[in-house]
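Colleague: sequence first, then the predicted structure:
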Amino acid sequence: MIETFATGSALAEAAAYGLARALADGLKTRGRACLVATGGRSPGPVYERLRVTPGLDWARVVVTLSDERCVAAEAPEANARLVRERLLAEAAAKAHFVPLWPKPEPAVVEGLLPFDAVMLGMGEDGHIASLLPGDPALPRHLDPAGAALVVDVPPGLGAPPLARVSLTLRALLASRAIFLLIAGEAKREVAARALAGEDLPVRAILDQSEVPVRVLWSPSPKGPS
Ligand SMILES: O=C(O)[C@H](O)[C@@H](O)[C@H](O)[C@H](O)COP(=O)(O)O
């Protein structure tokens, strides 16, 4: 279940290739494709490889986010900034970006479903996106039949402890594929515990059979480079 890569760059290469195929499939079959990008340290090197995929028609690709910190788009903590700097450059500069903050109208997110690919990282507390342990609303956000697609997450929970917005489990599962990128021994153990049934947010995507999930792991605790 967990795909192991010797180095972070091998992981980034494989993730970029898989994501590019998912987007190319969407473009070929439906004439458009939507990628859910994510924050954290793992995705940057994946974005840098993905953005130069030969032959991908980025003008017909929409990119949005799994979660966002409630800060200005140019702030260093903004996931939008990471995506603009590391993904939406070179050929991928032609993609259309839908930010999550300020929160889009629900109809805008609804209109992107189903996504072609969702990228996620995972915290050592087992969080994915900003579905954070300690949030009193977490059970509702992890309800696959929940009403909301994008929810507010209070400050004080994540690192950095900013207020956030996040896609819900229902939104994350409305995808043709999920790619979970994890780095370092500690996180491998967290994923293994979730696979063994421990009640962690990440378990909600690992313990389901609706959407194919690839879990890509490399030993480097700093993530791919
Ligand atoms: O905005 C965020 O912080 C992320 O979306 C978050 O869910 C992240 O993916 C994990 O914390 C893993 O981060 P790493 O990639 O650094 O392991």
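Modeller: Yep, it's here. Residues are numbered from 1 along each chain as shown.
Colleague: what comes up buried for the longest helix anywhere in the chain?
Modeller: When the chain is scanned for its longest helix (criterion: DSSP state H), the result is helix 8-30. Neighbour counts using 16 or more other CB atoms under 10 Å place 8, 11-16, 18-20, 22-24, 26-27 of helix 8-30 among the buried residues. All C-beta spots, glycine's among them, are computed from the backbone N, C-alpha and C.
Colleague: and for stretch 107-127?
Modeller: Quick answer for stretch 107-127 (16+ other CB under 10 Å): 109, 112, 115-123, 126-127.
Colleague: can you give me the end-to-end span of stretch 163-175?
Modeller: 26 Å (CA to CA, to the nearest Å).
Colleague: kindly report the same for stretch 62-75.
Modeller: Stretch 62-75 has an end-to-end distance of 22 Å (CA to CA).
Colleague: please apply the same query to stretch 206-217.
Modeller: Stretch 206-217 has an end-to-end distance of 14 Å (CA to CA).
Colleague: name the residues of this structure found near the ligand, please.
Modeller: Residues of the chain lying near the ligand by CB under 6 Å from any ligand atom: 38-42, 66-67, 79, 121-123, 127-129, 183, 223.
Colleague: please enumerate the strands of the chain.
Modeller: Ranges of strands in the chain, per DSSP state E, are 2-4, 33-37, 61-65, 67-69, 96-97, 117-120, 150-153, 164-167, 178-183, 213-218.
Colleague: make TSV from the ones you listed and add distance to residue 88 and mean pLDDT to it.
Modeller: TSV is the format used below for the strands of the chain (distance: least, CB to CB, whole Å; pLDDT from 0 to 100):
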stretch	distance to residue 88	mean pLDDT
strand 2-4	27	97
strand 33-37	9	98
strand 61-65	7	98
strand 67-69	15	98
strand 96-97	6	98
strand 117-120	14	98
strand 150-153	20	98
strand 164-167	19	98
strand 178-183	18	97
strand 213-218	22	98
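Colleague: burial of residue 33, as a residue count?
Modeller: As a burial measure, residue 33 scores 25 neighbours (other CB atoms under 10 Å).
Colleague: same question, residue 7
Modeller: Neighbour count of residue 7, defined by other CB under 10 Å: 13.
Colleague: that one reaches residue 217, doesn't it?
Modeller: No. Counting by CB atoms under 8 Å, residue 7 stays clear of residue 217, with 11.5 Å between them.
Colleague: which residue of this structure lies farthest from its centroid?
Modeller: What lies farthest from the middle of the chain is residue 55; by CA atoms, centre = their mean that is 23.2 Å.
Colleague: contacting residues for it?
Modeller: Going by CB atoms under 8 Å, 6 or more residues apart in numbering, residue 55 touches residue 24.
Colleague: could I get the pLDDT score of the residue nearest to residue 104 when sequence neighbours are not counted?
Modeller: Leaving aside its chain neighbours, residue 104 sits nearest to residue 98 (6.2 Å; criterion: CB to CB, 6 or more residues apart in numbering). pLDDT, residue 98: 98.
Colleague: distance check, residue 98 against the ligand.
Modeller: Applying CB to the nearest ligand atom, to the nearest Å, the value for residue 98 to the ligand is 16 Å.
Colleague: show me what contacts that residue?
Modeller: By CB under 8 Å, 6+ apart, the residues touching residue 98 are 62-64, 104, 108-109, 112.
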